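Chemist: no sequence on this one, just coordinates:
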Ligand SMILES: Cc1cc2nc3c(=O)[nH]c(=O)nc-3n(C[C@H](O)[C@H](O)[C@H](O)COP(=O)(O)OP(=O)(O)OC[C@H]3O[C@@H](n4cnc5c(N)ncnc54)[C@H](O)[C@@H]3O)c2cc1C
């Protein structure tokens with residue numbers, strides 16, 4: 001039987017995720033097995049208590065916080081249950097960290113492709129429940145595409161095995177009902193608890209090359225990204241943007257001893273020269289034949305004004321890992337900059353919108369203009385430019401700034417929707433963005449979502465406040 005914890009000191013430790021919001025749960029349970037989850041869900045069903053599942057609580061939207069009732073931490077369920085090397089699938093428990101999963105799969109020459117930059121600290125269950133994606137989703141797609149089957153516990157305590165249909169054709173009724181796995185991927189804990197998942201794997205590429213390419217302007221960087229996407233000579237696995245400030249933060253992590261062709265050593269020494277203040281940077285990755293690809297990439301970069309001598313090459317697995325750490329340094333730095341203001345009601349304001357690639361520069365500039373009009377500096381902007389999906393970040397120091405910056409974001413989101421974009425490309429809706437759901441989803445789409453919620457969780461006990469607030 002799982003202990004239900006009510007000690008305020010322990011509960012306080014589960015009161016925050018990466019959103020800056022704070023909700024102290026009424027109780028906490030940390031089950032170690034599927035049976036314990038079933039028992040807990042049945043007990044709470046009997047008392048009408050709400051349940052919010054949580055993985056590692058790295059959500060940036062408050063989705064992993066219990067606004068009422070029990071917080072169900074799945075972290076202790078972290079086993080790899082079965083690897084089928086031939087079929088390239090793995091069955092896992094939900095609390096396993098993505099990084100740990102890929103560490104184990106490396107021995108088999110396989111990997112799980114979705115790569116949120118938080119992969120070292122986020123769980124498989126959380127990634128599925130948020131349909132997480134990452135830099136390499138440019139090539140591999142988001143988590144959804146890699147989930148084969150799920151075992152879920154519904155609000156009434158029943159367990160359901162959901163498997164994607166194997167048929168190649170299907171004309172039975174409305175498409176959204178064809179595959180229930182799709183309903184649970186991205187459901188943010190609101191439809192049930194994922195207690196196991198079968199995931200599709202890919203063979204590890206024989207060769208991986210990353211390039212950090214400084215450019216003079218956003219315009220050059222966007223033109224380069226669009227050409228790289230269209231090129232037949234390079235196969236981009238990711239195309240990540242760093243504005244001048246993000247590039248400054250990232251290159252603070254580059255140390256002596258690193259030189260083009262040898263990768264970057266992240267430890268020791270002093271920062272080395274790489275690019276100039278005011279320059280922006282694109283980090284591109286390719287996993288085709290290294291030698292050919294590098295020449296093609298450099299030629300493409302040169303066509304958009306980049307200087308060969310400033311390009312840093314990250315060759316091989318360990319250098320690519322270092323490059324990833326540089327990328328991770330940016331959101332981490334923004335979290336650190338925000339931390340002093342949390343207690344006084346400030347928080348990081350971070351966007352997750354995406355637009356069709358041909359509108360991305362316009363959208364970034366529009367958002368920066370809205371910020372200036374509201375009396376703020378333009379955002380720190382970085383992220384998945386290759387997908388038309390940059391993240392914009394501000395530090396709001398107090399509730400008044402939170403409100404003013406959220407108005408800036410809302411203005412941007414209205415423009416983004418008009419451009420054919422989305423208000424939430426990878427972090428989900430959670431609690432923070434629930435009020436913006438209606439900007440995007442029309443009446444019929446909202447009605448369909450409510451019907452799904454009613455079907456699986458008629459009493460509204462699962463992850464209350466997420467998505468359909
Ligand atoms: C520095 C940083 C970088 C990030 N980078 C990215 C990025 O590149 N791409 C990206 O997509 N996200 C990113 N994120 C956001 C976050 O890491 C991802 O959404 C991640 O997948 C959440 O996993 P988690 O284990 O922390 O889940 P949690 O935050 O604990 O939970 C997230 C949601 O999943 C639900 N949930 C968790 N486990 C289960 C379960 N077993 N059953 C049902 N529901 C469940 C929760 O109820 C909640 O709604 C980043 C966050 C940080 C802090």
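Modeler: Sure, I can see it. Predicted, not measured: the structure shown is a model, and the values here were computed from it.
Chemist: tell me the strands in the stretch 1-150 of the chain, going along the chain?
Modeler: Using DSSP state E, counting those that start in this stretch, the strands of the stretch 1-150 of the chain run over 4-5, 27-29, 51-54, 70-73, 80-84, 89-92, 110-111, 147-153.
Chemist: ranking these by burial, who's on top?
Modeler: strand 51-54 (a mean of 29; mean count of other Cβ atoms under 10 Å). Yep, even glycine has a C-beta here, placed from its N, CA and C like the rest.
Chemist: Looking at the strands of the stretch 1-150 of the chain, spot the one closest to the ligand.
Modeler: The ligand lies closest, by Cβ to the nearest ligand atom, to one member of those: strand 51-54, at 3.8 Å.
Chemist: in stretch 38-58, what's buried?
Modeler: Across stretch 38-58, burial judged by 16 or more other Cβ atoms under 10 Å covers 38-41, 43-45, 49-58.
Chemist: Could I get the buried residue list for whichever helix or strand residue 453 is part of?
Modeler: Residue 453 belongs to helix 443-456 when assigned by DSSP states H and E. Neighbour-count burial for helix 443-456 flags 449, 452-453, 456 (criterion: 16+ other Cβ under 10 Å).
Chemist: restrict those to contacts with the ligand.
Modeler: Among the buried residues of helix 443-456, no residue sits close to the ligand (Cβ under 6 Å from any ligand atom).
Chemist: Go through the residues you listed and say which is closest to residue 212.
Modeler: residue 449 (40.8 Å; Cβ to Cβ).
Chemist: quick one: that closest one and residue 457 touch, right?
Modeler: No. Counting by Cβ atoms under 8 Å, residue 449 does not reach residue 457; the two are 11.9 Å apart.
Chemist: Tell me who's in contact with whichever residue of the stretch 251-400 of the chain sits closest to the ligand.
Modeler: In the stretch 251-400 of the chain, no residue comes nearer to the ligand than residue 331, which is 3.8 Å away by Cβ to the nearest ligand atom. For residue 331, the contact set (Cβ atoms under 8 Å, 6 or more residues apart in numbering) comprises 117, 350, 391, 393.
Chemist: now those residues as JSON lines including distance to residue 367?
Modeler: Converted to JSON lines, those look like this (distance: Cβ to Cβ, whole Å):
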{"residue": "117", "distance to residue 367": "21"}
{"residue": "350", "distance to residue 367": "12"}
{"residue": "391", "distance to residue 367": "11"}
{"residue": "393", "distance to residue 367": "11"}
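Chemist: Can I get the buried part of the residues you listed as one ChimeraX selection?
Modeler: Of the contacts of residue 331, the buried ones can be selected in ChimeraX as follows, counting by 16+ other Cβ under 10 Å:
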select :117,350,391,393
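Chemist: would you turn the contacts of residue 331 into TSV with pLDDT and distance to residue 20?
Modeler: Output for the contacts of residue 331, formatted as TSV (pLDDT from 0 to 100; distance: Cβ to Cβ, whole Å):
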residue	pLDDT	distance to residue 20
117	89	18
350	94	9
391	96	15
393	95	12
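Chemist: I'd like the next helix or strand past the longest helix seen in the chain.
Modeler: The residue-count maximum for a helix in the chain (DSSP state H) belongs to helix 317-342. Downstream of helix 317-342, the first helix or strand assigned by DSSP H and E is strand 347-350.
Chemist: and residue 303, how many residues sit next to it?
Modeler: Look at residue 303: counted by other Cβ atoms under 10 Å, it has 12 neighbours.
Chemist: Excluding residues flanking it in the chain, which one is nearest it?
Modeler: Spatially, and ignoring its direct neighbours in sequence, residue 303 is nearest to residue 227 (7.3 Å; Cβ to Cβ, 6 or more residues apart in numbering).
Chemist: that's a helix at that neighbour, yeah?
Modeler: Yes. According to DSSP: H, G, I helix; E, B strand; the rest coil, residue 227 belongs to a helix.
Chemist: OK, contacts around it?
Modeler: 300, 303-304.
Chemist: Where helices are concerned, which of those residues count?
Modeler: Per DSSP H, the contacts of residue 227 map to helices at 300, 303.
Chemist: re the thing from before, which members of the contacts of residue 331 additionally contact the ligand?
Modeler: Restricting those to those touching the ligand (Cβ under 6 Å from any ligand atom) yields residue 117.
Chemist: Quickly note the distance from residue 41 to residue 107.
Modeler: 35 Å (Cβ to Cβ, to the nearest Å).
Chemist: Now the residue of the stretch 151-300 of the chain found nearest the ligand. Nearest residue, chain neighbours left out?
Modeler: Among the residues of the stretch 151-300 of the chain, residue 189 lies nearest to the ligand; the distance is 2.6 Å by Cβ to the nearest ligand atom. Closest residue to residue 189 apart from its sequence neighbours, by Cβ to Cβ, 6+ apart: residue 463 at 3.5 Å.
Chemist: do residue 245 as well
Modeler: Once flanking residues are discounted, residue 245 sits nearest to residue 380: 5.0 Å by Cβ to Cβ, 6+ apart.
Chemist: rewinding a little: can you lay out the strands of the stretch 1-150 of the chain as JSON lines showing distance to residue 214?
Modeler: Shown next, in JSON lines, are these (distance: least, Cβ to Cβ, whole Å):
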{"stretch": "strand 4-5", "distance to residue 214": "50"}
{"stretch": "strand 27-29", "distance to residue 214": "47"}
{"stretch": "strand 51-54", "distance to residue 214": "40"}
{"stretch": "strand 70-73", "distance to residue 214": "43"}
{"stretch": "strand 80-84", "distance to residue 214": "41"}
{"stretch": "strand 89-92", "distance to residue 214": "39"}
{"stretch": "strand 110-111", "distance to residue 214": "29"}
{"stretch": "strand 147-153", "distance to residue 214": "37"}
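Chemist: No more questions from me, cheers.
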